[in-house]
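Trainee: What follows is a predicted protein model with its sequence.
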Amino acid sequence: MVRRTKEDAMETRAKLLDAAEALFSENGVTQTSMMQVAEKAGVTRGAIYHHFENKMDLIESLMGRISLPIDEMREQIAESLEFDALEEVKARSKEFLARVQNEPQVRSIASILLHKCEYIDEVNPIKLRHVSGRNECICEVEKLFESAIQKGQLSSKASPRVAVIGLFSLVDGLIYNWLLAPDYFPLVEYGNQAIDSYINGLAR
């Protein structure tokens with residue numbers, strides 16, 4: 001009986017997260033209420049507040065369902081400094097694009113964060129978390145560009161900071177625009193070419 005109750009609770013929680021993801025994607029975060037999420041999931045008001053304290057808690061749990069590409073990228077790069085630095089930058093950036101294009105849940109969360117999350121006081125902690133993770137990732141990629149300079153892959157006059165900001169702007173722009181209109185261009189195919197052109201241009 002205890003096991004069944006626990007399984008029921010996990011099932012209810014999953015339904016609530018599925019409902020939240022769908023409503024946030026459709027209506028935006030600020031335009032979606034906790035009660036709307038409960039209704040879509042087919043549970044009571046009491047049930048949703050049993051699992052989630054507030055909307056912020058719900059969003060955090062939704063993000064926690066997946067390993068966001070930027071978090072994974074940061075961890076992988078930290079382990080990659082002894083390899084070919086520029087090839088590592090290319091590989092991790094391309095992997096980022098591939099996950100957004102090919103994994104529906106990653107794509108959905110990315111779309112919510114970039115297009116459906118109005119960063120007002122209610123959900124500002126989400127922005128802070130995103131910025132914090134992003135800054136850590138920028139620092140790790142900057143180390144790879146520094147390694148490339150030390151190995152003679154880039155000119156000693158190159159600025160690792162400028163290089164990494166340019167790369168992030170490129171990748172962000174690709175994802176942002178592709179999520180607006182996925183039929184406009186193939187993210188991985190065009191994105192990989194753009195990344196190669198950018199990195200190869202730095203190496204000249």
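Mentor: Thanks, I have it.
Trainee: Could you use CA atoms for every contact and neighbour count after this?
Mentor: Will do.
Trainee: for Glu60, what are its contacts?
Mentor: Under the criterion of C-alpha atoms under 8 Å, 6 or more residues apart in numbering, the contact list for Glu60 reads Ile126.
Trainee: May I have the helix or strand harbouring it exported as CSV, CA atoms only?
Mentor: Per DSSP states H and E: Glu60 is located in helix 55-64. What follows is helix 55-64, C-alpha atoms only, in CSV (Å, rounded to 0.1, in the frame of the first residue of the first chain):
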residue,chain,number,x,y,z
LYS,A,55,5.1,28.6,-9.5
MET,A,56,8.8,29.2,-8.9
ASP,A,57,9.1,25.8,-7.4
LEU,A,58,7.2,24.3,-10.3
ILE,A,59,9.5,25.9,-12.9
GLU,A,60,12.6,24.8,-10.9
SER,A,61,11.3,21.2,-10.9
LEU,A,62,10.5,21.4,-14.6
MET,A,63,14.1,22.5,-15.4
GLY,A,64,15.4,19.8,-13.0
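Trainee: list the buried ones in that helix?
Mentor: 55-56, 58-59, 62-63 (16 or more other C-alpha atoms under 10 Å).
Trainee: May I see those arranged in JSON lines, with pLDDT and distance to Phe168 as well?
Mentor: Shown next, in JSON lines, are the buried residues of helix 55-64 (pLDDT from 0 to 100; distance: C-alpha to C-alpha, whole Å):
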{"residue": "Lys55", "pLDDT": "86", "distance to Phe168": "29"}
{"residue": "Met56", "pLDDT": "84", "distance to Phe168": "27"}
{"residue": "Leu58", "pLDDT": "88", "distance to Phe168": "28"}
{"residue": "Ile59", "pLDDT": "85", "distance to Phe168": "24"}
{"residue": "Leu62", "pLDDT": "84", "distance to Phe168": "24"}
{"residue": "Met63", "pLDDT": "80", "distance to Phe168": "21"}
